Every structure is written in C-alpha cells, then in structure tokens.
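Student: What would the 3D arrangement of this be:
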Amino acid sequence: METILVVDIQGDFTEWKKGSLAVPGTGEDYVQEVLQITRRFKEAGHPVLATQDWHPADHISFHTSHPGKKPFAAVSLEGREQILWPPHCVQHTAGAALLIDPSLFDAVVHKGTDRRYDSYSGFEDDGGVWTGLDQELEKRNTTRIILYGIATDYCVRFTALHGLGRGYAVTVIESLCRGVAPETSTRAWEEMKSAGAVIVRDAGDTRLFS
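Tutor: A predicted model of the protein is given here:
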C-alpha cells in the first residue's frame with residue numbers, strides 16, 4: 001500500500017503567509033499546487049498523512065531560547081549540532097496552521113513537541129522519541145511512502161532517510177518540495193538518492209493517479 005505524506009505545509013514556512021521562517025519559492029502558487037495534487041491523490045483512493053511542526057514557545061531550537069544568539073547560528077547541545085531558528089510553528093498560533101484542507105488528511109502527526117529536542121524527521125525527534133508516524137503508516141499497511149513538502153534540506157530529507165531506515169520504499173516528488181538553501185538542498189537530494197529514495201520530477205511520474 002502506498003501512503004502519501006505531506007511534510008510541514010504551514011504558514012510560518014511560507015512566503016505566502018509571510019512566515020517567520022519562510023522558505024524560498026513558497027508563495028500562494030506553490031501551496032495551491034500542493035493542495036491540488038494532494039486532492040488528486042486523495043480522490044484516487046490513497047491514504048494521506050501530514051506532519052506538522054508543533055513547538056512550545058520556549059523550544060530549544062529558537063534563538064530566543066539562547067540569550068545573545070542570533071538566528072541561524074549553530075550551537076552544540078549535548079554533543080549534537082543545533083541550528084538556531086527564528087521562533088516558528090508555535091503551538092496554537094496562526095503560523096503553525098496547516099495550509100492544506102484538513103479534510104484531505106487521514107491523520108496529522110505532530111513533531112518537535114518536546115522543548116528539549118528538535119525534530120526535523122517526521123518519525124522521531126533528536127532525543128529518539130517516536131512521533132507516532134510509524135503507527136499511522138502501519139495501520140494502513142504502508143510499504144511505500146510518497147513524500148513532498150517543506151523543507152527539502154531539513155524535514156523532507158530526514159523524514160525520507162528515516163523512512164528508508166525503517167524499511168519503507170520512499171519516493172520524493174521534486175517539484176512539490178522547496179529547500180532553505182540551494183547548496184544544502186542539492187546535498188539533500190544526493191543523500192536521499194544514495195540512500196535508496198526514488199526521486200521523481202512531478203506527481204505524474206508516481207503513476208498513482210487512477
């Protein structure tokens with residue numbers, strides 16, 4: 001069974017909503033394209049899941065949680081590198097809201113809910129705590145994940161790699177992803193492909209529409 005996974009299409013990550021951590025190329029046209037393709041997958045009978053960044057206001061990844069630090073600085077936290085981001089996707093705020101019609105999703109998985117750990121991956125946070133995505137995929141007898149969203153070089157990348165590591169086949173739709181920076185996005189595409197992900201240019205290449 002193939003399951004569609006839409007990664008972090010939220011206001012704070014988009015230029016359309018003037019988000020605090022807007023990723024280039026995420027205007028209204030991009031969001032509408034994601035909406036239309038997601039609706040087509042749903043109408044074709046495929047389960048559709050979403051991930052949603054869902055941070056407490058004092059999350060460790062926010063530069064405001066580190067006095068004197070500026071956005072995008074890198075710090076060491078318990079031996080792991082943490083990029084410090086502007087506050088974003090704070091629970092119950094407009095910036096955290098999903099921009100895709102919620103009726104299209106069979107389930108929404110929250111990530112980054114523990115203030116102590118970031119969670120680029122939809123599967124688990126940096127502390128190793130699982131988000132519940134595995135269980136949602138297992139409920140639907142998923143063997144293949146069709147993945148797209150924001151951002152290529154962070155949440156899409158880690159979710160794809162962790163999915164492969166758990167034994168799922170993973171396909172990533174390139175045209176429906178947007179990255180923070182060209183250099184890190186290029187490396188992310190190369191890493192995902194090397195790990196075994198299938199990279200397709202657009203949704204039609206998945207051959208899943210009826």
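Student: Distance of F13 relative to S194?
Tutor: 26 Å (CB to CB, to the nearest Å). For the C-beta atoms, the positions are set from N, CA and C on the backbone; glycine is no exception.
Student: for G163, that is, sorry about that
Tutor: For G163, the distance to S194 - CB to CB - is 15 Å.
Student: which one of F13 and S194 has more residues nearby?
Tutor: Between F13 and S194, F13 has the larger neighbour count (other CB atoms under 10 Å), namely 29 against 9.
Student: is it true that the more buried one touches V23?
Tutor: Yes. Contact criterion CB atoms under 8 Å: F13 and V23 qualify, at 5.4 Å.
Student: Can you pull the residues that touch both of those two?
Tutor: 150-151 (CB atoms under 8 Å, 6 or more residues apart in numbering).
Student: could you dump the top helix by length along the chain to PDB, C-alpha only?
Tutor: Longest helix of the chain, by residue count under DSSP state H: helix 28-43. Extracted C-alpha coordinates of helix 28-43, given in PDB (Å, rounded to 0.1, in the frame of the first residue of the first chain):
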ATOM      1  CA  GLU A  28       0.500  31.000  -2.900                       C
ATOM      2  CA  ASP A  29       1.000  29.300  -6.200                       C
ATOM      3  CA  TYR A  30       3.200  26.700  -4.600                       C
ATOM      4  CA  VAL A  31       0.700  26.000  -1.800                       C
ATOM      5  CA  GLN A  32      -2.100  25.700  -4.300                       C
ATOM      6  CA  GLU A  33      -0.200  23.200  -6.400                       C
ATOM      7  CA  VAL A  34       0.500  21.100  -3.300                       C
ATOM      8  CA  LEU A  35      -3.200  21.300  -2.500                       C
ATOM      9  CA  GLN A  36      -4.400  20.300  -5.900                       C
ATOM     10  CA  ILE A  37      -2.000  17.300  -6.200                       C
ATOM     11  CA  THR A  38      -2.900  16.200  -2.600                       C
ATOM     12  CA  ARG A  39      -6.500  16.300  -3.500                       C
ATOM     13  CA  ARG A  40      -5.900  14.200  -6.600                       C
ATOM     14  CA  PHE A  41      -4.100  11.600  -4.500                       C
ATOM     15  CA  LYS A  42      -6.900  11.500  -2.100                       C
ATOM     16  CA  GLU A  43      -9.600  11.200  -4.800                       C
END
